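Peer 1: Predicted model and sequence follow; I will ask about them next.
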Amino acid sequence: MTKFHIPVLYDEVVSYASLLKDDIVLDATIGYGGHSSGLLDQLGPKGRLIGVDRDEHANQFCQDRFADDDRVTLVHDRFDRTQAALERMSIKGVNVLLADLGISSYHLDHAQRSFSFKDDAPIDMRMDLREPLTGAEILNTYSHDELVVMLDAHTDLKNVKRIADFLITKRQASLFVSCADLNDVAKRAFSFCSSRRHYINCLSQLFQAIRMEVNDELGCVERLMSQLPEIILPGGRVLFITFHSIEDRLVKRYFQSQKDLFERVTASVIQLTYAQAKKNPRARSAKLRVYKRKTVVEEPRNRGLHKPLIKS
């Protein structure tokens, strides 16, 4: 990477973070440091930024990028282990947490990671190469029912049983090795599609489902959110950037269940403008949701339960 990439909704993230000079910021998906660079510009010399990423290449890149900034601490790990990382650093809480749940252009553009169906490569799809599970192993070992559950949980595809049938039939003839094997199956499984655009969308979702399963992406998001009451200081902000409806629903539903503790900062979800989407079409589906931890915790609302009768 010879030049720094301006990440999705950069100005909006920096603005809605509303940082004070001495704040502690947690970038749970620091990637190549685009958002973090803007957030650091808002911090003073006593501010601090903790950057977490499970990808070794991203971690090394940020070590070089922020080598001269002693306000930055990098953690090579999954973001669902954030609370434990903060405890090791004796940090009781943070003022701002940012989680950009999209995969980077670096991953999409490097065929050996096999995140894109456009290039042929071994079906890996791991964000962290230290993890043992690969996409090929999933395709070659999951039962029919497990494949159906995976596709149903990670896509909006309607005919997941049919797709699972084709995947099983293919591996009975020969095991999955490369993305070309998966593309060939998809061409037959998605023959019902009436247009190339629809076919590409289905193929993208198939690759997405395998990648999300390999990296346990929804599980990681759920575990990160479950830690927010312990991580976010009163008055602190949480910013989530999602890229597809499954993640977005997960985030939305969590904060709906936490209305006693968190409140929405914006009246509606923030999306790319037409100009932004035209400039960065890969990120056209991005949505930013911003929440603030209340400074005074409200008592849980009445859920319809009656108080016990007091005997006289």
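Peer 2: Yep, it's here.

Peer 1: care to break the protein down by domain?
Peer 2: 10-105+217-293, 132-214 (automatic domain parsing).

Peer 1: could those domains be laid out in JSON lines, adding mean pLDDT, mean neighbour count and distance to residue 121?
Peer 2: Every C-beta, even on glycine, is put in place using the N, C-alpha and C of the backbone. What follows is these, written out as JSON lines (pLDDT from 0 to 100; neighbours: other CB atoms under 10 Å; distance: least, CB to CB, whole Å):
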{"stretch": "domain 10-105+217-293", "mean pLDDT": "94", "mean neighbour count": "18", "distance to residue 121": "15"}
{"stretch": "domain 132-214", "mean pLDDT": "89", "mean neighbour count": "17", "distance to residue 121": "6"}
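
Peer 1: Mind putting those into CSV with distance to residue 122?
Peer 2: Converted to CSV, those look like this (distance: least, CB to CB, whole Å):
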stretch, distance to residue 122
domain 10-105+217-293, 17
domain 132-214, 6
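
Peer 1: Let me see the ranges of the strands in this structure.
Peer 2: 24-27, 48-53, 72-76, 94-100, 232-242, 262-264, 270-271, 287-293 (DSSP state E).

Peer 1: would you list those in a markdown table and tack on distance to residue 18?
Peer 2: As requested, the strands of the chain are arranged in a markdown table below (distance: least, CB to CB, whole Å):
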| stretch | distance to residue 18 |
| --- | --- |
| strand 24-27 | 11 |
| strand 48-53 | 15 |
| strand 72-76 | 20 |
| strand 94-100 | 8 |
| strand 232-242 | 6 |
| strand 262-264 | 14 |
| strand 270-271 | 14 |
| strand 287-293 | 9 |
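
Peer 1: Of those, which is nearest residue 164?
Peer 2: In terms of CB to CB, the element of the strands of the chain nearest to residue 164 is strand 232-242, at 26.1 Å.

Peer 1: partners of that closest one, with directions?
Peer 2: Strand 232-242 has its sheet partners listed here by DSSP bridges as strand 94-100 (parallel), strand 287-293 (antiparallel).

Peer 1: any chance of those in a markdown table, plus distance to residue 38?
Peer 2: As requested, the strands paired with strand 232-242 are exported to a markdown table (distance: least, CB to CB, whole Å):
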| stretch | distance to residue 38 |
| --- | --- |
| strand 94-100 | 10 |
| strand 287-293 | 14 |
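
Peer 1: Looking at those, which is nearest to residue 207?
Peer 2: strand 94-100 (19.6 Å).

Peer 1: what comes into contact with that closest one?
Peer 2: 7-8, 13, 17-20, 23-29, 31, 35, 39, 50, 79, 86, 221, 224, 228, 231-233, 235-241 (CB atoms under 8 Å, 6 or more residues apart in numbering).

Peer 1: try stretch 51-66
Peer 2: Contacts for stretch 51-66 (CB under 8 Å, 6+ apart): 1, 4, 26-33, 36-37, 40, 72-79, 82, 85, 104, 106-107, 127-130, 215.

Peer 1: With stretch 261-278 instead?
Peer 2: 8-9, 12, 16, 228-229, 237-238, 248, 255, 280, 283-284, 286-294, 297-298.

Peer 1: Check stretch 152-162 too.
Peer 2: Residues contacting stretch 152-162 (CB under 8 Å, 6+ apart): 147-148, 151, 163, 189, 192, 202, 205-206, 208-209, 212-213, 218, 245-246.
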